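>>> my questions concern the predicted model and sequence given below.
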Amino acid sequence: MRWIAGADGFKSRWCVVLENLDFSELNVRIAPTFADLLALPEKPLVVAVDIPIGLPEFAKPGGRACEREARRVLGRRASSVFSAVGRRPLMEDTRAAADRTSREAGGPVSEHRRGAWLPSSGKPTPR
């Protein structure tokens with residue numbers, strides 16, 4: 001059987017939706033780590049990951065141009081687009097420290113990002 005997957009990170013885990021291309025079957029899994037996601041028994045041919053790319057050093061109020069454009073296109077559903085956090089705040093050990101780093105650079109606080117931070121130790125810290 002041929003499977004594809006879409007993944008989104010939340011609370012230091014991954015939510016994965018898998019589709020069987022041969023039978024239109026859908027499965028949902030929670031993977032504790034990205035390595036676990038890649039080791040799923042369905043062995044998806046493609047894994048699409050919802051993660052921001054092209055992060056600036058610091059976020060600006062209102063977000064990146066792509067986020068502002070997505071909100072414009074979505075109209076009433078614009079609130080479903082959140083602004084990505086800048087690279088520098090993501091290196092902090094806690095959300096509070098990340099917010100402080102962002103504010104000191106004139107940027108916004110971390111909005112909806114309540115997931116794991118990637119502290120300087122390289123190990124995710126659950127929030």
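Nice, I can see it. Numbering: from 1, shown residues only.
>>> just the helices in the protein please.
Taking DSSP state H as the criterion, the chain carries its helices at 34-38, 65-74, 87-90, 95-104.
>>> so this protein: which segments form each domain?
3-50, 53-120 (automatic domain parsing).
>>> report how many residues lie close to the closest residue in space to K60 that isn't next to it in sequence.
Excluding the flanking residues, the one nearest K60 by C-beta to C-beta, 6 or more residues apart in numbering is G107, at 6.1 Å. Yep, even glycine has a C-beta here, placed from its N, CA and C like the rest. Neighbours of G107 under the rule other C-beta atoms under 10 Å: 21.
>>> centre-most residue in this protein?
In the chain, the centroid-proximal residue (C-alpha atoms, centre = their mean) is I51; its distance is 4.0 Å.
>>> quick one, what contacts the residue nearest to K60?
By C-beta atoms under 8 Å, 6 or more residues apart in numbering, G107 lies in contact with 58-61, 86, 89.
>>> any low-confidence regions in the protein?
Within the chain, the segments meeting pLDDT under 70 span 110-127.
>>> wait, G9 touches I51, no?
Yes - counting by C-beta atoms under 8 Å, G9 does reach I51; the two are 6.9 Å apart.
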